[in-house]
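J.: got a predicted model here, sequence first, then my questions.
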Amino acid sequence: MSDRITTGPGTASGARTPLIELSGITKRFGAYAALDDVNLTIHEAEAVGIIGDNGAGKSTLVKVLSGVYPPSDGAISFRGKRVRFASPLDARRNGIEMIYQDLALCEDLDVAQNIFLGRELKRRFGPFRFLDRAAMARAAAKDISDLGLTFDVNREVGMLSGGERQMVAVARALQFDPAALLMDEPTAALSAEKIRKLLELVTELKSRGVSILLVSHRFTDILHICDRIVVIRGGRVAGEMMPHAHPPAQTMAMMTEMMTGDTIDDRPSGDGGSVPQ
């Protein structure tokens, strides 16, 4: 069943112009092609899940889209216009914000300083300008509160839990009012409760019109909140599906087939078949 593409009711592949469109994206590192002729679309207020084994090319894909890596071949379009990102700042200017797997936070700075890093609020005193730490703390506290959390924004990030750090990274990304938010393995180091809160946040962001590209190795994350699932294998798109077009066990079996290239018996267990756990 590899290379099978399935769709179902509510597919986002309609006639409207995609927010983001990747066409024939290839990324080579020397002779090695981490991505090979990848085509992908993301629509407004759509959550697209990217899943694949380690080394499949998932992180390379989001790094190309966020401006970290230039593509070796292919084209990127944003709202129907051809773009080329020379840096993450270029991607940010176009409304694409990235939350990296390592979060890219400064552990010796407090929460407010991390949220406003690089665009600090300042106040004027005569001819001089000083950091307005009080204003940043107030704004950061509101950002954290809007995410449904309560913790001291004056604490150093190095003292926070993994879930709290994740939310700081999200709050920082939302300060730039992104049209699209790219998340690379956002639940990898979170507890079950923090995962639930993060997935609720993704649903809330979609309701605000933000598009989400979620890279995850956790089937359940992808199934719960994504409108569409794209499977990457060996640097290529192995297939895509609508997660609610089939029963969960069958969807998981289909994803496993696309990821591995092996055939999985996805009949209901009552018929004597087996499904991935």
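T.: Noted; the coordinates are in hand. Numbers count the residues shown, from 1 in each chain.

J.: contacts only, for Ser87.
T.: Applying CB atoms under 8 Å, 6 or more residues apart in numbering, we find Ser87 in contact with Gly67. To be clear about C-beta, it is placed using only N, CA and C from the backbone, and glycine gets the same treatment.

J.: likewise for Arg133?
T.: Arg133 makes contact with Ala112, according to CB under 8 Å, 6+ apart.

J.: what about the residue most central in space within the chain, which SS state?
T.: Centre of the chain computed as the mean C-alpha position; nearest residue by CA atoms, centre = their mean is Met183, 2.4 Å away. Three-state assignment for Met183 (DSSP: H, G, I helix; E, B strand; the rest coil): strand.

J.: what does the model give it for pLDDT?
T.: Met183 carries a pLDDT value of 92.

J.: quick check: bridge partners of it?
T.: Beta bridges link Met183 to Ile99, Leu214, judged by DSSP bridges.

J.: surely it touches Ser211?
T.: No. Applying CB atoms under 8 Å, one finds Met183 not in contact with Ser211, separated by 11.3 Å.

J.: wait, doesn't Ala86 sit right on Gly67?
T.: Yes. Using CB under 8 Å, Ala86 makes contact with Gly67 at a distance of 6.8 Å.

J.: if you count surrounding residues, which of these two has more?
T.: The neighbour comparison of Ala86 against Gly67 (other CB atoms under 10 Å) goes to Gly67, with 22 against 9.

J.: and that one, what is it in contact with?
T.: Contacts of Gly67 (CB under 8 Å, 6+ apart): 85-92, 96.

J.: Arg165 now?
T.: For Arg165, the contact set (CB under 8 Å, 6+ apart) comprises 103, 105, 157.

J.: please report phi then psi for Thr26.
T.: Dihedral angles of Thr26 (phi, psi; degrees, to the nearest 10) stand at phi -130, psi 140.

J.: that one and Tyr69, how far apart?
T.: Note on Thr26: its distance to Tyr69, by CB to CB, to the nearest Å, is 11 Å.

J.: do the same with Ile96
T.: For Ile96, the distance to Tyr69 (CB to CB) stands at 14 Å.

J.: these two - which one has more neighbours?
T.: Legend: neighbour count by other CB under 10 Å for Ile96 and Tyr69, higher for Ile96 (28 against 18).

J.: how about that one, nearest residue that isn't a chain neighbour?
T.: If the residues on either side of it in the chain are set aside, Ile96 comes closest to Ala180, at 4.9 Å by CB to CB, 6 or more residues apart in numbering.

J.: quick one: contacts for that neighbour?
T.: If you count contacts by CB under 8 Å, 6+ apart, Ala180 has them with 19-20, 42, 95-97, 210-213.

J.: by neighbours, which of the residues you listed wins?
T.: Of all the contacts of Ala180, Ile96 has the most neighbours under the rule other CB under 10 Å, reaching 28 neighbours.

J.: that residue touches Ala179, doesn't it?
T.: Yes. If you go by CB under 8 Å, Ile96 and Ala179 touch, sitting 7.0 Å apart.

J.: follow-up on the earlier one: need the contacts of Ala180 in a markdown table with pLDDT and distance to Val153, can you?
T.: Formatted as a markdown table, the contacts of Ala180 follow (pLDDT from 0 to 100; distance: CB to CB, whole Å):
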| residue | pLDDT | distance to Val153 |
| --- | --- | --- |
| Leu19 | 96 | 31 |
| Ile20 | 96 | 32 |
| Ile42 | 96 | 32 |
| Gly95 | 94 | 26 |
| Ile96 | 96 | 26 |
| Glu97 | 94 | 20 |
| Val210 | 94 | 23 |
| Ser211 | 96 | 28 |
| Ile212 | 96 | 25 |
| Leu213 | 96 | 28 |
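
J.: closest to Val111 among those residues?
T.: Within the contacts of Ala180, the smallest distance to Val111 is 18.0 Å, found for Glu97 (CB to CB).

J.: please, which helix or strand holds that closest one?
T.: Assessed by DSSP states H and E, Glu97 sits inside strand 96-99.
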